[in-house]
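K.L.:
coordinates only, sequence not included:
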């Protein structure tokens, strides 16, 4: 019995992604075998492909997120049972496959109201939005916040969820078309480009600036983001779409208003099973209530993962993209 998977044998461009047959793994103690119905596409997949994030060994199967059905379980598994509809996001990599083995305590059961495509599209991005809004900085009703890449997968969830909380969202996007998408999903104000970001934020907030910036773009927007913060504001750098942020001179944070800076990861915020269940329960609640709608705007066959990654890298996507095995 074999499984099909997208693997890389070396780091590089989309052309290093190969559609290959691999042996179907057997679940060991504490593990479950998942048959994927849908796999999520995320920018972190590209970071692993190019080598920005380290892979323990090559060849390797990429992918951090998926949804499907439990086909087998190993000894001692109590979290899930054979036949359960489940989803997951986070390490280790290996989701770009028709089947995979994963630690059972990393799986959560999908509510009947959420289909596999939505489940695969929402887990990593939705859990990221949850911890950013509810834990990294607990956004309150009446606050104005700044969200970069507001028409992207995480961005659209952040816009909707923050509006649901009662916050005013200023979104930053790269095109006029994406501006319309961000507005339709809860952004009260949208800025196209970041050339005059701080001045735009000053105008939109009557000089008050913002208490928090959520920035997944990285190098290109880091300094303009800092300049958009109010004194004692928090800079949340959670991605590197334009490249990694260069080394930061700590005195700059003092000069710009005693600012705070954090570089959070989903792995830390969901390290325990209780944290994982709390994050996903909150996410499932807002999706089930209709407060946050997951937009699966692009779908590719899993074997065309290279084309999907090219579309994501070139900023030709909005919302979420999934891969179908």
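P.N.:
Alright, I've got the coordinates. Note that the structure is predicted; figures quoted are calculated from it, not measured.
K.L.:
can we go C-alpha only for contacts and neighbour counts from here?
P.N.:
OK.
K.L.:
Which helix or which strand is home to the residue nearest the centre of the chain?
P.N.:
Among the residues of the chain, residue 125 comes closest to the average C-alpha position under CA atoms, centre = their mean, at 3.1 Å. Using DSSP states H and E, residue 125 maps to helix 116-131.
K.L.:
Let me know the pLDDT of the residue nearest to the centre of the chain.
P.N.:
What the model reports as pLDDT for residue 125 is 89.
K.L.:
Also residue 1?
P.N.:
Looking at residue 1, its pLDDT is 67.
K.L.:
now residue 240
P.N.:
77.
K.L.:
quick check, it in a strand?
P.N.:
No: assigned with DSSP: H, G, I helix; E, B strand; the rest coil, residue 240 falls outside any strand and is coil.
K.L.:
How about it: what's its closest non-neighbour residue?
P.N.:
What sits nearest to residue 240 in space, not counting adjacent residues and going by CA to CA, 6 or more residues apart in numbering, is residue 218, at 4.2 Å.
K.L.:
Report whether the expected contact of that neighbour with residue 242 is present.
P.N.:
Yes: counting by CA atoms under 8 Å, residue 218 does reach residue 242; the two are 5.6 Å apart.
K.L.:
Okay, buried residues for the helix holding residue 125 please.
P.N.:
116-131 (16 or more other CA atoms under 10 Å).
K.L.:
Please enumerate residues in contact with it?
P.N.:
The contact list for helix 116-131, computed with CA atoms under 8 Å, 6 or more residues apart in numbering, reads 37-41, 64-68, 87-90, 110, 153-154, 157-158, 266, 269, 279-280, 282-283, 294, 296, 320-322.
K.L.:
From these, list the buried ones, please.
P.N.:
37-41, 64-68, 87-90, 110, 153-154, 157-158, 266, 269, 279-280, 283, 294, 296, 320-322.
K.L.:
Number of residues surrounding residue 16?
P.N.:
Counted by other CA atoms under 10 Å, the residues lying close to residue 16 total 16.
K.L.:
which residue packs closest to it, ignoring adjacent ones?
P.N.:
residue 8 (5.7 Å).
K.L.:
Across the sheet, point out what pairs with the one you found.
P.N.:
Residues in a beta bridge with residue 8, per DSSP bridges, are residue 60.
K.L.:
contacting residues for it?
P.N.:
Counted by CA under 8 Å, 6+ apart, residue 8 has contacts 16-18, 49, 58-62.
K.L.:
Select only the buried ones of these in ChimeraX?
P.N.:
To isolate the buried ones among the contacts of residue 8 in ChimeraX, judged by 16+ other CA under 10 Å, type:
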select :16,17,18,49,60,61,62
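K.L.:
can you list the domain ranges for this protein.
P.N.:
2-123+267-324, 141-263 (automatic domain parsing).
K.L.:
start to end distance for the shortest one?
P.N.:
Domain 141-263 has an end-to-end distance of 24 Å (criterion: CA to CA, to the nearest Å).
K.L.:
Check the secondary structure at residue 268 for me.
P.N.:
Strictly by three-state DSSP, residue 268 counts as helix.
K.L.:
Just give me the neighbour total for it.
P.N.:
9.
K.L.:
and if you look at residue 47?
P.N.:
17.
K.L.:
so how far is residue 4 from the spatially closest residue to residue 266 that is not a sequence neighbour?
P.N.:
Nearest residue to residue 266, sequence neighbours excluded (CA to CA, 6+ apart): residue 128, at 6.0 Å. Separation of residue 128 from residue 4 (CA to CA) stands at 28 Å.
K.L.:
Output the longest strand belonging to this structure.
P.N.:
strand 31-41 (DSSP state E).
K.L.:
Neighbouring strands of it in the sheet, and parallel or not?
P.N.:
strand 65-73 (antiparallel), strand 99-103 (antiparallel), strand 320-324 (antiparallel).
K.L.:
outside of the last one, which residues touch it?
P.N.:
Residues outside strand 320-324 that contact it (CA under 8 Å, 6+ apart): 37-42, 117, 120-122, 152-153, 294-302, 305, 308.
K.L.:
hang on, residue 21 is in a strand, isn't it?
P.N.:
Yes: applying three-state DSSP, one finds residue 21 inside a strand.
K.L.:
Okay, and the beta partners of it?
P.N.:
Going by DSSP bridges, residue 21 forms beta bridges with residue 4.
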